[in-house]
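Asks: coords please:
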Amino acid sequence: MQSKTCASDCGKLNWVFRLLVFAQFVLVATIIFTSRPIHPSWIAWLVSQAGVAFGLWAIVTMGRHINISPRLRQDADLRVAGPYRLVRHPMYLALLVFCLGYLIDGFTTYKLLLWLSLLGVLACKMYYEEKMLCDRFPEYQQYSKETKRIIPFIF
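Replies: The predicted structure follows:
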């Protein structure tokens, strides 16, 4: 059960959550639409496809509990299988890797700034999600000690 403090804080932060999701979509769309429609570089294409594959694995593992908002759903449960064994936020990793393919393909400082901004937005979402996960699931603290946040075996 979510604590009353977290529930009231989340209500106050609802606009922040919406802003973060909106910023995430705008940044991803801008990265994609300011790039060439087809990756001429096979390396960039492979990087993007690795992001797609990892993201699909995370989506399948999450199932009907998937949520793009940092707010936890009422029926949320703690997932620690599949890609969640490797990192605590596999969907964010997948999105960053997918967009990295577009960054590699036709690199510009502008796209690098967009990608870094996306990283910042996702870091904010991670902060809120992890706080709520710790509040709702006592075992999350141990899981977070054993599993890296977004880069397997590193961070």
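
Asks: tell me where this protein has helices.
Replies: Along the chain, the stretches classed as helices by DSSP state H are 4-12, 14-33, 42-62, 90-104, 109-136, 140-146.

Asks: let me see the mean pLDDT of the first one.
Replies: With pLDDT averaged residue by residue, helix 4-12 scores 53.

Asks: before we move on, what about the last one?
Replies: Along helix 140-146, the predicted local confidence has a mean pLDDT of 94.

Asks: again, but for the third one
Replies: Per-region confidence: helix 42-62 scores 95 on mean pLDDT.

Asks: which of the helices of the chain is buried the deepest?
Replies: Mean neighbour count, computed with mean count of other CB atoms under 10 Å, is highest for helix 90-104 among the helices of the chain, reaching a mean of 21. C-betas here are computed from N, CA, C, even on glycine.

Asks: so how far is it off the chain centroid?
Replies: Using CA atoms, centre = their mean, to the nearest Å, the distance from the centre of helix 90-104 to the centre of the chain it belongs to is 9 Å.

Asks: with just CA atoms, put that helix into PDB.
Replies: Output of helix 90-104 as PDB, limited to C-alpha atoms (Å, rounded to 0.1, in the frame of the first residue of the first chain):
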ATOM      1  CA  PRO A  90      15.400  -1.200 -19.000                       C
ATOM      2  CA  MET A  91      12.800   0.800 -20.900                       C
ATOM      3  CA  TYR A  92      14.800   4.000 -20.300                       C
ATOM      4  CA  LEU A  93      18.000   2.200 -21.400                       C
ATOM      5  CA  ALA A  94      16.200   0.900 -24.500                       C
ATOM      6  CA  LEU A  95      15.000   4.400 -25.400                       C
ATOM      7  CA  LEU A  96      18.400   6.000 -24.900                       C
ATOM      8  CA  VAL A  97      20.100   3.200 -27.000                       C
ATOM      9  CA  PHE A  98      17.400   3.600 -29.700                       C
ATOM     10  CA  CYS A  99      18.100   7.400 -29.900                       C
ATOM     11  CA  LEU A 100      21.800   6.800 -29.700                       C
ATOM     12  CA  GLY A 101      21.500   5.200 -33.100                       C
ATOM     13  CA  TYR A 102      20.100   8.500 -34.500                       C
ATOM     14  CA  LEU A 103      22.800  10.400 -32.700                       C
ATOM     15  CA  ILE A 104      25.600   8.300 -34.200                       C
END
